[in-house]
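Q: How does the following fold in three dimensions:
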Amino acid sequence: TGLVWLVAALVFMELLTFGSAFLRRYLGGKLAFDVQHDLRQRVFQSVQRLDGAKQDGLRTGQVVSRSITDLQLVTSLLSMVPLSVGTVVFALVAIVAMLWLSPLLTLVALVVVPGVVYVAMRLRTRLFPATWSAQQRAADVAQQVEETVTGVRVVKGFGQERTEVSRLEPLADRWRSFGWTVHEVDGHDM
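A: Next up is the predicted model:
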């Protein structure tokens, strides 16, 4: 009878884990898509409020890149919030269990936390400028593609396909090679 109760408790705990994981993912996705929808509406309204001269001065590729890439980053971040809350709860429960089993080993395990925080903060200060630069390069490529697609009749009419490709290639190469230069710099410094 003891084994039956143990199996029942394990099955119940697994069902509880599955249910809470499903709920966290559902809430994370709903939160992320609701915020993304609101932000896209606000971006569109902001562009619509600009007068003609300011709209003409906009770089369409920049707006498109920001409204797609940046909003996807926000969505990814927000969808992780409920999962992160679950991870924090799990970590707290694990620490309590570790303290109950062996306070000395728990202390030894927690000694590395300041080192992990230091490395994370150092990487954050290095990755933010790199990410910003990569987003700028992606926006430049999007701008060039948008200009070419918008003027495709003129480009084809004057046989300027090669010229447009030669204008796009250096921008795309800079964007593509940017990831390699970041990894090389990180490899030398770390």
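Q: Could you tell me the phi and psi values at V111?
A: V111 adopts backbone torsions of phi -60, psi -30, taken as degrees, to the nearest 10.
Q: how near is it to L105?
A: Noted for V111: a distance of 11 Å to L105, by CB to CB, to the nearest Å. C-betas here are computed from N, CA, C, even on glycine.
Q: got it, and R49?
A: R49 is 60 Å from L105, by CB to CB.
Q: Give me the residue ranges of the protein where confidence is low.
A: The chain contains residues with pLDDT under 70 at 1, 61-62, 178-190.
Q: Point me to the helix or strand that includes the residue nearest the centre of the chain.
A: With distances taken as CA atoms, centre = their mean, the residue of the chain nearest its centroid is L73 (3.6 Å). If you go by DSSP states H and E, L73 is part of helix 71-101.
Q: That helix: how far from the chain's middle?
A: 17 Å (CA atoms, centre = their mean, to the nearest Å).
Q: Also stretch 132-143?
A: The answer for stretch 132-143 is 16 Å, by CA atoms, centre = their mean.
Q: That one: which residues count as buried?
A: Buried residues in stretch 132-143, counted by 16 or more other CB atoms under 10 Å: A134, Q135, R137, A138, A139, D140, V141, A142, Q143.
Q: cool, stretch 64-71 as well?
A: For stretch 64-71, using 16+ other CB under 10 Å, the buried residues are S65, R66, L71.
Q: What of stretch 15-34?
A: Of all the residues in stretch 15-34, those buried under the rule 16+ other CB under 10 Å are R24, G28, A32.
Q: which residues sit against that stretch?
A: Stretch 15-34 has contacts (CB atoms under 8 Å, 6 or more residues apart in numbering) with V74, T75, S76, L77, L78, S79, M80, V81, P82, L83, V85, G86.
Q: how about the fourth one, what does it touch?
A: Applying CB under 8 Å, 6+ apart to L77 gives the contacts A32.
Q: ok, then the element right after the lengthiest helix in the chain?
A: Looking across the chain with DSSP state H, the single longest helix is helix 2-49. Next in sequence after helix 2-49, counting helices and strands by DSSP H and E, comes helix 52-57.
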